[in-house]
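A.B. asks: Build the 3D model from these lines:
(2 chains)
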Number of protein chains: 2
Amino acid sequence: MLDPRLKRELAAIIGETFVKDDPQSLVTHSYDGTPMLQSMPDAVVYPESTEQISEMMKALHRYRVPVVSRGSGTNLCGGTVPAQGGVVLVTHRMNRLLEIDTDNLTATVQPGLNTKAFIEQVESLGLFYPPDPSSMAVSTIGGNIAECSGGLRGLKYGTTKDYVIGLTAVLADGRIIRTGGKLMKDVAGYDLTKLLVGSEGTLAIITEAILKLIPRPQAKKTMTAMFRDLNGAAQAVSAIIENRIIPATLEIMDQATIRVVDDYAKLGLPRDMAAILLIEQDGDEAGVERDIGRIAEICREQRADRVEVAATEEEALKLLTARRSAFTALARLKPTTILEDATVPRSRIADMVAEIGRIAAKYNVSICTFGHAGDGNLHPTATTDARDAEEIHRVEQAFEEIFEAAIRLGGTITGEHGVGMVKSPYLEWKVGEAGMDVMRGIKQAFDPYNLLNPGKMFPKQSRKRLVIGHG
Amino acid sequence: MLDPRLKRELAAIIGETFVKDDPQSLVTHSYDGTPMLQSMPDAVVYPESTEQISEMMKALHRYRVPVVSRGSGTNLCGGTVPAQGGVVLVTHRMNRLLEIDTDNLTATVQPGLNTKAFIEQVESLGLFYPPDPSSMAVSTIGGNIAECSGGLRGLKYGTTKDYVIGLTAVLADGRIIRTGGKLMKDVAGYDLTKLLVGSEGTLAIITEAILKLIPRPQAKKTMTAMFRDLNGAAQAVSAIIENRIIPATLEIMDQATIRVVDDYAKLGLPRDMAAILLIEQDGDEAGVERDIGRIAEICREQRADRVEVAATEEEALKLLTARRSAFTALARLKPTTILEDATVPRSRIADMVAEIGRIAAKYNVSICTFGHAGDGNLHPTATTDARDAEEIHRVEQAFEEIFEAAIRLGGTITGEHGVGMVKSPYLEWKVGEAGMDVMRGIKQAFDPYNLLNPGKMFPKQSRKRLVIGHG
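C.D. replies: All right, here's what the predicted structure looks like:
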């Protein structure tokens, strides 16, 4: 429970109605998009400005009360679960698109702005903001920045980090920093902007962001290629890139995913295929035509069973819907869905998919795999039941071995979902002991009393590796 | 002078011939590309591997001796002057291109690799590494990473930071960290890769880098537009971007620069013009044609006096040579050339050029301005004489006021040259007191004994601002 004096101070700063500690508010902010994690906060606050957050942080800092900032809580790593109680700071009242500057091609936004609404507004001006996490209909830009969200367009356009060029943030002691600006080049000191992106709320509270926009591509085309052999699909991915073509989207779904998606969305997908590639290219009309034609050719050379280019926007949307509904479709199968995002160099996709299959069989668990083949970012997804402790244990063992395999193949434990609580025991596998020390030092420099999203990223104890890796 | 025992230890690690402390070695490593700065090191070492650097750092750490790592020393901020003596670590023996991976579109390089040689090798494979600092014929990739070098293609393609996706680095205590990988997506912990890029050798010694490559554009076209009115040139820059065209290069030279370059390179440039824009577009043939046509139209709409599209590669090269020779041409005028890189949002270019003119007149100093108009990164360049203390004082006052103006216009004190010794007194103007504290904390976390390039970035005392800015 919050100290009543602190509660009064917070109420004085942001108004009584915006400090909640009724049971319903506490329960609804005790979890996020991650299954099987819950921890009760002591209060939930809804500030409306940088200055209010600054004043609140000064108070929280004096009382040494932790704070977890969050948008819509769609993350899948337990990133916004208030692991050590304290205050959950919700950014939903700070949801304004403050400016689109068409001269400098920047947008200035508040963190609570909905991602999809933002993208649509930007596109209506002939501009483009590429990061498109699957959660974008619900998620906020602030959450995307905190987690460095990726999406389907990462291969060609990069992730959230590539578009954040300036930030306003509140430090643990309540001081306000402003980093970057409407600047395409800025090397004045350490790059705090990029450091804060993906820092998962553990270094500062982001209260405003300047985002880089680019011109909207004039044309787009969508196609699918279906393979009876998973290796063929993986080789097609490599061959496309080796032909110096970078598609805007290059997604893969394995057979298990195809079947589940087809059951759900009734799209008439071919249930006998080992893998489908979903490919989009954008750019100017002629270039798109040429690339899609060449990609189709390459897929056929790699023994694709069927190659289909969407003739209309409706058809394209149908194909995209198949991929975008994978998570939803899988979530209907069993009570608990655990979606991971081990990532490997693109050239190791086939090896990784094979490893996932082997590991799922070894632990007798059901894992469907889909994801962003073009950038090596796979989403092996287990459908299970949180009430079945024995099965959950096997699922956890399987994922542990999947992380191990990703690292062994030159990859990472998380490509776009973040570390949070779920992957913190494995972070050392990727970054090493010295890397952990350096990260702890950075955390300490920003937040000496460990008030900002405590219990994330840094585990009490790292997991021992099962085997000696080559990472 | 180095402790003889330490010298023996270093010699034991890398071989006696690679530890130099003869006067010639010391003098030649006491300065870099920056005018008027010199400080003698105690020794110069030439390691050939990460492991050697790790062992050396352990020894230097024990003796608390500072180390300045450097490539060719082309930087313009005093970044590699051994301000507090100690050891200069030269990376020239670590100059190998270790791998180009055409499947993952990555290159793995040692830090001493020459930038231009690297770019040429990459391009010969149909691939592209965009960062092209003006120093690239001499500079090294390691130096580019340390300073986060930009170049002429920054507007469309970004800077060095956008292409570094993995690093091997040696910490102050000799431990080795490996960050990132051949991965387009990796959110495992804080982004140490981007933090080290542009950290100017103050956080770790970079010993290997994984760089992202992209397909080489198929076609390129070059044009110039000449304006009798500086505002017309600036408005053309804005109008091009507002028309949703991002050229690969969009450079400006003011009248003073035009005249000096023409004297030097005898290109027959029009000496009566207030400004020249040099514009390049790349991409596929049709797109390039269309963009260049549209840009020419826009420039005419903005009252360009003359618009010339290069018909041949030789002509294009001639135009590009004009811009690339600006620094060399200016350097011939007077004994001392001070090239700065105040940067503003693109929309404030005209204001900034006007401010530079006003300030140069006020202090009665000669400043030519050229630079990367498309990304707001200007290079006001003073031609002066280091022996004339009174004039140098006026030049310094003028630049101080130029930094002030840049910040007031929403810009920064350095777009691509770095902070080093030259701009450290002004860093607080950009990042604020809290920003300085955070950066000092990061430095402390990496390098508690201040052994890595001490005397850079963090000034003994920040300069007081002349006027209260709006930054």
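A.B. asks: May I ask which helix or strand encompasses the residue of the stretch 1-150 of chain A found nearest chain B?
C.D. replies: The minimum distance from the stretch 1-150 of chain A to chain B, using CB to the nearest CB, falls at A:Asp103 (4.0 Å). To be clear about C-beta, it is placed using only N, CA and C from the backbone, and glycine gets the same treatment. Under the criterion DSSP states H and E, no helix or strand holds A:Asp103.
A.B. asks: now the helix or strand of chain A with the lowest mean pLDDT: how far from the chain's centre is it?
C.D. replies: In chain A, no helix or strand scores lower on mean pLDDT, DSSP states H and E than helix A:313-324, which sits at a mean of 84. How far helix A:313-324 lies from its chain's middle: 21 Å, per CA atoms, centre = their mean, to the nearest Å.
A.B. asks: Which other helices and strands does that helix contact?
C.D. replies: strand A:219-227, strand A:249-254, helix A:255-265, strand A:275-283 (3 or more CB pairs under 8 Å, 6 or more residues apart in numbering or on different chains; DSSP states H and E).
A.B. asks: tell me which residues in it are buried?
C.D. replies: Buried residues in helix A:313-324, defined by neighbour count with 16 or more other CB atoms under 10 Å in any protein chain shown: A:Ala316, A:Lys318, A:Leu319, A:Leu320, A:Ala322, A:Arg323, A:Arg324.
A.B. asks: next one: the helix or strand following that helix to chain centre, how far?
C.D. replies: Remark: after helix A:313-324, the chain's next helix or strand is helix A:326-331, criterion DSSP H and E. Here helix A:326-331 is found 16 Å from its chain centre; the criterion is CA atoms, centre = their mean.
A.B. asks: what does stretch A:270-283 give?
C.D. replies: Centroid displacement of stretch A:270-283 relative to its chain, using CA atoms, centre = their mean, is 22 Å.
A.B. asks: go on, stretch A:388-397?
C.D. replies: Chain-centre distance of stretch A:388-397: 24 Å, with CA atoms, centre = their mean.
A.B. asks: Identify each buried residue in it, please.
C.D. replies: For stretch A:388-397, a neighbour-count test (16+ other CB under 10 Å) marks A:Glu391, A:Ile392, A:Arg394, A:Val395 as buried.
A.B. asks: Now for those: which two are most distant?
C.D. replies: Farthest pair in those (CB to CB) is A:Ile392 and A:Arg394. Separation: 7.3 Å.
A.B. asks: rewinding a little: with adjacent residues omitted, what lies nearest to the residue of the stretch 1-150 of chain A closest to chain B?
C.D. replies: Nearest non-adjacent residue to A:Asp103, counting by CB to CB, 6 or more residues apart in numbering or on different chains: B:Ser347, 4.0 Å away.
A.B. asks: Next up, the contacts around that neighbour.
C.D. replies: By CB atoms under 8 Å, 6 or more residues apart in numbering or on different chains, the contact set of B:Ser347 is A:Asp101, A:Asp103, A:Asn104, A:Lys182, B:Ser238.
A.B. asks: Next, count neighbours for the second one.
C.D. replies: A total of 15 residues lie near A:Asp103 under the criterion other CB atoms under 10 Å in any protein chain shown.
A.B. asks: Where does the prediction get shaky in chain A?
C.D. replies: Within chain A, the set of residues satisfying pLDDT under 70 comprises A:465-471.
A.B. asks: Mind doing that once more with 50?
C.D. replies: Scanning chain A for pLDDT under 50 picks out the ranges A:468-471.
A.B. asks: if we can go back for a sec, from what I see, the residue of the stretch 1-150 of chain A closest to chain B and B:Arg346 are in contact.
C.D. replies: Yes: using CB atoms under 8 Å, A:Asp103 is in contact with B:Arg346, at 6.7 Å.
A.B. asks: what is in contact with those two at once?
C.D. replies: Common neighbours of A:Asp103 and B:Arg346 are listed as B:Ser238, B:Ile241 (criterion: CB under 8 Å, 6+ apart).
A.B. asks: quick one: A:Val138 from A:Asp32, how far?
C.D. replies: For A:Val138, the distance to A:Asp32 (CB to CB, to the nearest Å) stands at 11 Å.
A.B. asks: The stretch 201-350 of chain A against chain B: which residues are in contact?
C.D. replies: Taking CB under 8 Å from any CB of the partner chain as the criterion, the stretch 201-350 of chain A approaches chain B at residues A:203, A:214-216, A:238, A:241-242, A:244-246, A:283-284, A:286-287, A:290, A:343-347.
A.B. asks: Correction: the previous question concerned the stretch 51-200 of chain A.
C.D. replies: Counting by CB under 8 Å from any CB, the stretch 51-200 of chain A sits next to chain B at A:101-106, A:126-127, A:147-148, A:150, A:154-155, A:158-159, A:161-162, A:171, A:175-179, A:181-192, A:194-195, A:197-199.
A.B. asks: Could you rerun that using 6 Å?
C.D. replies: Within the stretch 51-200 of chain A, the residues that sit near chain B (CB under 6 Å from any CB of the partner chain) are A:102-104, A:126, A:148, A:150, A:154, A:159, A:175, A:177, A:181-191, A:194-195, A:198-199.
A.B. asks: Selecting buried members of these in PyMOL, what would you type?
C.D. replies: Buried members of those, defined by 16+ other CB under 10 Å, are picked up in PyMOL with:
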select buried, chain A and resi 102+104+148+150+154+159+175+177+181+182+183+184+185+186+187+188+189+190+191+194+195+198+199
